[in-house]
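1. Below are the sequence and a predicted model; questions follow.
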Amino acid sequence: MLVQTVLKNFRCHKDLTIEFSKNPFYISGNNGTGKTSVIEAIFTLLTLKSFRRINIKDAVSYGEEFLRISALFDDKPQLEMVFFYESQRRLLINGSEAASTDFSHIFPTVCYSPGFETLFSIDQQVRRVSLDRIVYYTNKLYVEDVRNYNALLIRKRAELAAEKPDHGVLAALNVQLTPLSEKISRTRNALVDEINQEIISDPLYDELLGGVVLALEINPMIKNSRELPAKRPLCGCHKDLLYLKKDGVVVEKFQSFGQKKSALLFILYQISKIIEKKRNQSIILLLDDFEAGLDGNRVKLIEGLFLNGNNGLSRQVVLTGISASARSALVL
């Protein structure tokens, strides 16, 4: 579990040390005090990307030239992870340089923040990336398939955009892209099926999702005569679409913010169970502005889900909110 994190020059936090003395750990404070920045920093450390979809240099405190996020974990022996940025990124595990895939695979992390809608994002790319990260936590090699596909896709885009595309080169690229695309889409679809099995079997399914399920529309690699005139790739797994559906009909609107938030949190809860089951490892849950938009009964209901461990595991939960309470461990 995470026992301490130190932020240096991360947004409004020039030098902040947090000791995680409780689980769940609750951070309270008024708007603008930096609660979300704490969650963002932890998420950035553990996943190597901010959920704000920014370049990491934009998170450096005004007037400073670097940022540093470090954390201690209660592994035996104790583990220290450090994310350091000054013109370029450095990753350290117990003082030694680490590869990004090794670094970000150590502690599976599930995060909710109001501006980070993951599987509910209006941007399909964000939805696909969210699916891919879940797969990555349970299959580390999957990231290589995605990287290889994206590298080939870049070459295909360049060839299609050329003044006189080489049909032979395009054909060769498609031969390499097709099996990778099929494998990635198949893996994503299997995960979507697994998530649906979990949510449908949960007693709270009707109350929190009302018959809605996830559905992946696969865009297979086929010979597409429109690609040359369009000068861009029009088929392949980078065009897969993730939807919410009810009775086969796409449902993208909710009656209220609270309903949408409850639905997303419920799905994230099912995802956390899947990751823990496959990894046999506790995950870290980051729930930013958790209570906003939810009534008291819904807060207790959803919080109870997240705080109940699975498979004998005790997940770590970090929550933020505005109102101080008896459970608050830190006030910003």
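-> Happy to help now that I have it. What you see is a predicted model; the values in this text were computed from it and never measured.

2. Break down the stretch 201-332 of the chain into its helices, ranges please.
-> 205-209, 227-230, 257-279, 296-307 (DSSP state H, counting those that start in this stretch).

3. okay if I get these as JSON lines plus mean pLDDT?
-> Formatted as JSON lines, the helices of the stretch 201-332 of the chain follow (pLDDT from 0 to 100):
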{"stretch": "helix 205-209", "mean pLDDT": "94"}
{"stretch": "helix 227-230", "mean pLDDT": "93"}
{"stretch": "helix 257-279", "mean pLDDT": "94"}
{"stretch": "helix 296-307", "mean pLDDT": "87"}
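
4. what's the closest of those helices to residue 75?
-> helix 257-279 (14.7 Å; C-beta to C-beta). C-beta: built from backbone N, CA, C; applies to glycine.

5. Residue 16: which of the helices of the stretch 201-332 of the chain is closest?
-> Nearest of these (C-beta to C-beta): helix 296-307, 24.7 Å.

6. CA atoms only: put the closest one into CSV for me.
-> Output of helix 296-307 as CSV, limited to C-alpha atoms (Å, rounded to 0.1, in the frame of the first residue of the first chain):
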residue,chain,number,x,y,z
GLY,A,296,-26.3,10.8,1.0
ASN,A,297,-27.8,7.4,0.4
ARG,A,298,-26.1,7.0,-2.9
VAL,A,299,-22.7,8.1,-1.4
LYS,A,300,-23.0,5.4,1.3
LEU,A,301,-24.1,2.8,-1.3
ILE,A,302,-21.3,3.4,-3.7
GLU,A,303,-18.6,4.0,-1.0
GLY,A,304,-19.6,0.7,0.5
LEU,A,305,-19.0,-1.1,-2.8
PHE,A,306,-15.5,0.3,-3.2
LEU,A,307,-14.5,-0.2,0.4
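
7. How far away from the center of its chain is that helix?
-> For helix 296-307, the separation from the chain centroid amounts to 21 Å (computed by C-alpha atoms, centre = their mean, to the nearest Å).

8. Just the buried residues of it, please?
-> Judged by neighbour count (16 or more other C-beta atoms under 10 Å), helix 296-307 contains these buried residues: 298-299, 301-303, 305-306.

9. same deal with stretch 42-57?
-> Along stretch 42-57, these residues count as buried under the neighbour rule (16+ other C-beta under 10 Å): 42-47, 50-52, 56.

10. Report the contact partners of the closest residue to residue 265 other than its chain neighbours.
-> With sequence-adjacent residues excluded and distances taken as C-beta to C-beta, 6 or more residues apart in numbering, residue 265 is closest to residue 302, at 5.2 Å. Residues counted as contacts of residue 302 (C-beta atoms under 8 Å, 6 or more residues apart in numbering) are 262, 265-266, 269, 294.

11. related to what we said a few turns ago, narrow the buried residues of stretch 42-57 to those in helices?
-> Residues of those located in helices (DSSP state H): 42-47.

12. Out of those, flag the one nearest to residue 318.
-> Out of those, the member with the shortest distance to residue 318 (by C-beta to C-beta) is residue 42, at 6.8 Å.

13. pull the CA atoms of stretch 126-137 into CSV?
-> The C-alpha trace of stretch 126-137 is given here as CSV (Å, rounded to 0.1, in the frame of the first residue of the first chain):
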residue,chain,number,x,y,z
VAL,A,126,-10.2,8.1,-24.5
ARG,A,127,-12.6,5.2,-24.3
ARG,A,128,-10.3,2.9,-26.3
VAL,A,129,-7.3,3.9,-24.2
SER,A,130,-9.2,3.3,-21.0
LEU,A,131,-10.0,-0.2,-22.2
ASP,A,132,-6.4,-0.8,-23.3
ARG,A,133,-5.1,0.2,-19.8
ILE,A,134,-7.4,-2.3,-18.1
VAL,A,135,-6.1,-5.0,-20.5
TYR,A,136,-2.6,-3.9,-19.8
TYR,A,137,-2.9,-4.4,-16.1
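
14. ok, and what's touching that stretch?
-> Contacts to stretch 126-137, defined as C-beta under 8 Å, 6+ apart, come from residues 47, 53, 105, 108, 117-121, 142-143, 146, 184, 187-188, 191-192, 216, 238, 240-242, 271, 274-275, 278-279.

15. ditto for stretch 241-253
-> For stretch 241-253, contacts defined as C-beta under 8 Å, 6+ apart pick out 119-120, 124, 127-128, 131, 192, 210-217, 219.

16. Recalculate using a threshold of 6 Å.
-> 124, 127, 211-213, 215-217 (C-beta atoms under 6 Å, 6 or more residues apart in numbering).
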